[in-house]
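A.B. asks: pasting the sequence and the predicted coordinates here, then a few questions.
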Amino acid sequence: MKQYGFYGWEHADVRSVTEDYKGIETPFDLYDALSEIWCADTCAPRMRSEWTPENKTLGQCSITAFLAQDIFGGKVYGILRPGGNYHCYNVIGDCCFDLTSEQFGDEVLCYDGNPEQFREIHFAKEEKRLRYEYLKKALKQRQR
């Protein structure tokens, strides 16, 4: 099995609960597909100047986690970061994974006891909702 660098990859064995995204059956499929889609345009504006293809997951967390929730179900949680923003990740049953954790390099994040995150709150920021829609559309177009 191919090894991945995102948090929780060793146990990310959940399956898609929708047929809306052909070829996306597991978090690995989603990570592989998004690795070709993530770009400066999908990065959070405050981090965009730091985004590079080598650090492709930078600034992609909430839109990626909510898209993963669309595909696999479960809940999105957030780790409070300096500056007051939340870094989002997914929990489905006893499976916890973070497709965008690589942006933190060697920093160890705590995935226990964090508050649930809700798209209504995150997408109240129009730029974030638009980045999510862009990611979702690009993923669907890629599957054709």
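C.D. replies: That came in fine, so what should we check first? Since the structure is predicted, the reported quantities are computational estimates derived from the model, not experimental observations.
A.B. asks: just give me the residue right at the centre of the protein.
C.D. replies: The residue lying closest to the centre of the chain (CA atoms, centre = their mean) is Thr64, at 2.7 Å.
A.B. asks: let me see the confidence value for that residue.
C.D. replies: At Thr64, the model reports a pLDDT of 98.
A.B. asks: that one should be in a helix, yeah?
C.D. replies: Yes - using DSSP: H, G, I helix; E, B strand; the rest coil, the assignment for Thr64 is a helix.
A.B. asks: check contacts around it.
C.D. replies: Thr64 sits next to 34, 38, 57, 88, 99-100, 135 when contact means CB atoms under 8 Å, 6 or more residues apart in numbering. (Each C-beta comes from the backbone N, C-alpha and C, glycine too.)
A.B. asks: ok, now Val14?
C.D. replies: Residues in contact with Val14 (CB under 8 Å, 6+ apart) are 26-27, 72-74, 92-93, 95.
A.B. asks: tell me the pLDDT of it.
C.D. replies: Model confidence at Val14 (pLDDT) stands at 96.
A.B. asks: quick one: secondary structure of it?
C.D. replies: Following three-state DSSP, we place Val14 in the coil state.
A.B. asks: before we move on, what about the one 4 residues further on?
C.D. replies: Reducing the assignment at Thr18 to three states with three-state DSSP gives coil.
A.B. asks: so what's it up against?
C.D. replies: Contact analysis of Thr18 by CB under 8 Å, 6+ apart lists 70-71.
A.B. asks: distance check, it against Lys56.
C.D. replies: Applying CB to CB, to the nearest Å, the value for Thr18 to Lys56 is 24 Å.
A.B. asks: do the same with Tyr89
C.D. replies: From Tyr89 over to Lys56 the distance is 17 Å, taken as CB to CB.
A.B. asks: more neighbours, the two?
C.D. replies: Between Tyr89 and Lys56, counting by other CB atoms under 10 Å, Tyr89 is the more crowded of the two (28 against 21).
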